[in-house]
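Asker: build me a model:
(one chain, ligands or ions: 1)
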Amino acid sequence: MAEFDVDLFVIGGGSGGVRAARIAANHGARVMVAEEYRMGGTCVIRGCVPKKLFVLGSHFRQEMEDAAGFGWTVPGATFDWPTLIANKDKEIARLEAAYTTNVEKSGAEVVESRAVLEGANTVRLANGQKVKARYVLIATGGAPNHGPVIPGIEHVISSNEAFHLPELPKRIVIQGGGYIALEFACIFANFGSDVTVIYRGDNILRGFDEDVRTHVRGEMEKQGITILTGCTVTKVDKHGKEFTSHLSNGSSIASDQVMFAIGRHPNVANLGLEKAGVAINPKNGGVAVDGWSKSSVENIYAIGDVTHRFNLTPVAIREGHAFADTVFGKRPVQVDHSTIPTAVFSQPEVGTVGLTEAQARAQFSHVDVYKATFRPIKATMSGRDTRMLMKLLVDGASDRVLGCHVVGDTAAEIVQAVAIAVKMKATKADFDATVALHPTAAEELVTMRTPTARHIREAAAE
Ligand SMILES: Cc1cc2nc3c(=O)[nH]c(=O)nc-3n(C[C@H](O)[C@H](O)[C@H](O)COP(=O)(O)OP(=O)(O)OC[C@H]3O[C@@H](n4cnc5c(N)ncnc54)[C@H](O)[C@@H]3O)c2cc1C
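Answerer: Numbers count the residues shown, from 1 in each chain. All right, here's what the predicted structure looks like:
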């Protein structure tokens, strides 16, 4: 009898687990993947993909409003939430099936079950079956975290439930200032909900460039979204179908839904990690891993959100691929986690890559800032009160572009392309040498000639 039933057991059929399973199987490994909910994981089932479908659907409001300035009359447009949900569910089911098919086509076996560790080489399925595995990959992702328990927390929904609401809330309170909170705030506002965002810090989008934070907040407020900072929800009451959120500043807000998007925690609970000897990273609560995504146990690896490093789909995919190439493909590769572009699909959208101004100034002694805000061409005819922001941060010593931040229509698409140049360590001179593509918004990135600010840190006196 073979010593092991499989060469690789993957716990979790999300973005990272699926990629790892497929690549390992392509390298000839015998692979089993267990998924306890739905194949595709957070990104496909209740993350990036349904979120982007909602975002795209919500944009039509502004498109239709803007159309009037170009001569269009859009008579009596109405929006039907159940149609959106049904069509979104259909597309997600299609993707889910495609994920399963693609894994199976690679030769890996999919089991619809929760799986937990029984030991370093043993995984137990929900029906009690034990599988002996040479290697185990923990790819269990993360889940919404509502923070400290407050009275009435049972009335609060997370992004998971927001994808399945039976009706569009007329009024919604959303606690959180990160990308998920803001994306849902803009989605609901564009579909017609009255939205209040509550955030405990002094401004939304912590960790983003200060100009981006200020700009996005101003633009969201112009659209009628209320943003209350410096306070938290301390209690939620339910009366019939209505909720009252009590705030730390003593005020209260009535709404039809209350959603929290204040953070996510790695899925490490009840996984049998202690039985296998897998250590937790005390700094972030995720599975502790080294640069190869190897845990504290020689044959157990972990990738994606469960390691709580950079909780993004393309990162989980890359880590899964690198793991499979390293362990089964004789191609050792570590993931480079530097200069990862990210987006916020709020309206307006944010695209960002590289350092913020604060980070650049902390790390470099001479930083030139190139910043422009301007009215996009479409707004000149639509009459919409909106401005775009473009910002480049440049190391004055080497001329290297350290960061690029864009707020406005298609910011994410623009920054995905600019990220190649930033990753290649392009200089400001390279940007300047690139001929503008006219008329676009992005041409601003190659036509900003004079720094709007220059920060030179004096060398410390000897
Ligand atoms: C609302 C929202 C929007 C997002 N938008 C974006 C975006 O625009 N861009 C972006 O890059 N990222 C986005 N993300 C983040 C992205 O979804 C995650 O980074 C990505 O899905 C992580 O992949 P993963 O493989 O690590 O985990 P997951 O995709 O979470 O997969 C883990 C899987 O493991 C399963 N599982 C857990 N425990 C077990 C067990 N014991 N046994 C069997 N199965 C188990 C889970 O059911 C799940 O399917 C978003 C997330 C959310 C919540």
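Asker: Phe260 bridge partners, please.
Answerer: Gln175 (DSSP bridges).
Asker: relative to Phe188, how far out is it?
Answerer: 14 Å (CB to CB, to the nearest Å). For glycine as for every other residue, the C-beta is placed from the backbone atoms N, C-alpha and C.
Asker: what does this protein put close to the ligand?
Answerer: 11-17, 34-37, 41-43, 47-48, 51, 114-116, 139-142, 159, 180, 267, 271, 304-306, 311-314, 316 (CB under 6 Å from any ligand atom).
Asker: of the residues you listed, buried ones?
Answerer: 11-17, 34-36, 41-43, 47-48, 51, 114-116, 139-142, 159, 180, 267, 271, 304-306, 311-313, 316 (16 or more other CB atoms under 10 Å).
Asker: dead centre of the protein: give me the residue that sits there.
Answerer: Leu312 (5.2 Å; CA atoms, centre = their mean).
Asker: which residues sit in contact with it?
Answerer: Contacts for Leu312 (CB atoms under 8 Å, 6 or more residues apart in numbering) come out as Ile340, Thr342.
Asker: rerun that using 10 Å as the cut-off
Answerer: Applying CB atoms under 10 Å, 6 or more residues apart in numbering, we find Leu312 in contact with Ser15, Cys43, Cys48, Gly304, Asp305, Arg318, Ile340, Pro341, Thr342, Ala343.
Asker: so which bits of the helix ranked longest in the chain are buried?
Answerer: Under DSSP state H, the helix in the chain containing the largest number of residues is helix 81-105. Buried residues in helix 81-105, defined by neighbour count with 16+ other CB under 10 Å: Trp81, Leu84, Ile85, Lys88, Ile92, Leu95, Glu96, Tyr99, Thr100, Val103.
Asker: state the mean pLDDT of that helix.
Answerer: Here helix 81-105 scores 98 as its mean pLDDT.
Asker: relative to Asn121, which of the contacts of Leu312 is nearest.
Answerer: Gly304 (21.7 Å; CB to CB).
Asker: tell me the confidence at that closest one?
Answerer: Listed pLDDT for Gly304 reads 98.
Asker: thought it was touching His321?
Answerer: No - between Gly304 and His321 there is no contact under CB atoms under 10 Å: 11.4 Å.
Asker: mind listing the helices for the stretch 151-300 of the chain?
Answerer: In the stretch 151-300 of the chain, the segments counted as helices under DSSP state H, counting those that start in this stretch are 159-162, 179-191, 210-222, 273-276.
Asker: which strands or helices does the last one pack on?
Answerer: Counting contacts by 3 or more CB pairs under 10 Å, 6 or more residues apart in numbering; DSSP states H and E, the secondary-structure elements packed against helix 273-276 are strand 115-119, strand 122-125, strand 130-138, strand 300-302.
Asker: most tightly packed of those strands?
Answerer: strand 300-302 (a mean of 29; mean count of other CB atoms under 10 Å).
Asker: mind checking how far it is from the chain centre?
Answerer: 23 Å (CA atoms, centre = their mean, to the nearest Å).
Asker: could you point out the helix or strand that follows that strand?
Answerer: helix 313-328 (DSSP states H and E).
Asker: for that next one, what is the distance to the chain centroid?
Answerer: On CA atoms, centre = their mean, the centre of helix 313-328 falls 18 Å from that of its chain.
Asker: repeat for stretch 126-135
Answerer: 32 Å.
Asker: quote the end-to-end distance of that stretch.
Answerer: 20 Å (CA to CA, to the nearest Å).
Asker: what stretches of the stretch 301-450 of the chain score poorly on pLDDT?
Answerer: Of all residues in the stretch 301-450 of the chain, none has pLDDT under 70.
Asker: report the closest residue of it relative to the ligand.
Answerer: Taking CB to the nearest ligand atom, the ligand has its nearest neighbour within the stretch 301-450 of the chain at Gly304, 2.0 Å off.
Asker: could you do the stretch 151-300 of the chain as well?
Answerer: For the stretch 151-300 of the chain, CB to the nearest ligand atom, closest residue to the ligand: Ser159, 3.9 Å.
Asker: got a list of what that residue touches?
Answerer: Ser159 sits next to 42, 46-47, 50-51, 144, 174, 176, 180-181, 183-184, 259-261, 264 when contact means CB under 10 Å, 6+ apart.
Asker: same check, this time on Leu445
Answerer: 370, 372, 390-392, 401, 404, 406, 414-415, 417-418, 421, 431, 434, 436.
Asker: apply 6 Å and report the result again.
Answerer: Contact analysis of Leu445 by CB atoms under 6 Å, 6 or more residues apart in numbering lists Met390.
Asker: what about it, which helix or strand?
Answerer: Counting by DSSP H and E, Leu445 is part of helix 444-447.
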